[in-house]
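J.: Sharing a model that was predicted from the sequence below.
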Amino acid sequence: MKKCQQKERNGYTFTEMVIVLLCWSILLSCFIPLQYRTFQELEANLILQQLKEDLLLTQHLSMNEHVYYTLNFDEEAGGYVLYDTKERKTIFTRKLPEKWVMLLTTLQPTVRFNQKGIIQRAGTMYLYAPNKTYKIVFPFGSSRLRIEEI
């Protein structure tokens, strides 16, 4: 008489594998949009912080060196340039991300400061990000700018 020997099989069944893969795909589909939203918020914070620092630099250069430094905004190109009109040279150029839109409402395209650090013409502009809108106010006086999320 032959004894029927059964082999022990270690491993997972096809059904168990499908269930595990389904669980992982659900978790990943929840995580990816959160990661993208976090990236957009971080990008917006960095752009707005860079704008603040560039405006501060323009103000300091105008106070310490000469008043011929200007920050020139270009709606069509979607960016701005720090320009030295005395030396006739561009210090740097900043470009907004592809899906961002800039709208100058009451702000003149050229922002200048006098020797005391006071803006010559106050105004307002809007930055439209893919998910948010920012109102940026350049007030009179020596303050730099105020950013409001709309």
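T.: Thanks, I have the structure now.
J.: Tell me the helices and strands packed up against the host helix or strand of Ile32.
T.: Ile32 is part of helix 14-64 when elements are defined by DSSP states H and E. Of the remaining helices and strands, those touching helix 14-64 by 3 or more Cβ pairs under 8 Å, 6 or more residues apart in numbering; DSSP states H and E are strand 69-74, strand 79-84, strand 89-95, strand 110-112, strand 133-138. (C-beta placed from N, C-alpha, C; glycine too.)
J.: Next, format the ones you listed as TSV and append mean neighbour count and mean pLDDT.
T.: Listed next are those as TSV, based on neighbours: other Cβ atoms under 10 Å; pLDDT from 0 to 100:
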stretch	mean neighbour count	mean pLDDT
strand 69-74	20	96
strand 79-84	18	97
strand 89-95	12	97
strand 110-112	19	95
strand 133-138	17	96
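J.: Please state the mean pLDDT value computed over stretch 140-150.
T.: The average pLDDT for stretch 140-150 rounds to 85.
J.: So which bits of that stretch are buried?
T.: 144-145 (16 or more other Cβ atoms under 10 Å).
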